[in-house]
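In: My questions concern the predicted model and sequence given below.
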Amino acid sequence: MNEWEFTGEAVSWINQSLDRNPSMPFSRAKTEQTGDGSRKRRDLTLLDSNQLVVLTGEIKLPYEKNGSSPYNDAVVKDARAKAQRARSKFFFTWNVNEFVLW
């Protein structure tokens, strides 16, 4: 399994959960979204009920480059920059074993 495949599965799980629980304050999860002024894509984006970005993040598989820890400096900086471009107050890094909300 590669990162794109895993991220697609995670987005599917999140959206199934949102469909079953419409009272949650989120509307959809999306994958590989780009921000204004950049061609860099966010791995996963969570939208609120107004379709505004509330959380973005970067996913790395634990056996891939930069995936051994969700605290990897390069991954954290990349996730933070993408969240700022998306105007999200929150972002995450996730290496499948550990999820860190920033």
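Out: Right, received. Where do you want to start?
In: which SS state does Glu9 fall under?
Out: Counting by DSSP: H, G, I helix; E, B strand; the rest coil, the backbone at Glu9 sits in helix.
In: what do you get for Gln16?
Out: Criterion first, three-state DSSP; result for Gln16: helix.
In: Need the pLDDT of it.
Out: The score at Gln16 is 97. That number is its pLDDT.
In: Just the buried residues of the helix or strand of the chain with the lowest mean pLDDT, please?
Out: Lowest by mean pLDDT, DSSP states H and E among the helices and strands of the chain is strand 26-34, with a mean of 89. For strand 26-34, burial by neighbour count (16 or more other CB atoms under 10 Å) applies to 26-27, 29-31. C-beta here means a position set from N, CA and C on the backbone, and glycine is covered the same way.
In: Distance check, Phe6 against Phe26.
Out: 20 Å (CB to CB, to the nearest Å).
In: Let me fix that, I meant to ask about Gly57.
Out: Distance, Gly57 to Phe26, using CB to CB: 14 Å.
In: re earlier: what helices or strands is the least confident helix or strand of the chain leaning on?
Out: When contacts are defined as 3 or more CB pairs under 8 Å, 6 or more residues apart in numbering; DSSP states H and E, strand 26-34 sits against helix 3-20, strand 41-48.
In: So which residue of this structure lies furthest out from the middle?
Out: Here the centre of the chain is the reference, and by CA atoms, centre = their mean the most remote residue is Ser23, at 21.3 Å.
In: so what's the closest residue in space to Ser17 that isn't next to it in sequence scoring on pLDDT?
Out: Nearest residue to Ser17 in three dimensions, chain neighbours excluded: Met24, at 7.8 Å (CB to CB, 6 or more residues apart in numbering). pLDDT recorded at Met24 is 93.
In: What is the burial count for Met24?
Out: Around Met24 there are 12 other residues, counting by other CB atoms under 10 Å.
In: so it makes contact with Asn15?
Out: No: judged on CB atoms under 8 Å, Met24 makes no contact with Asn15 at a distance of 11.2 Å.
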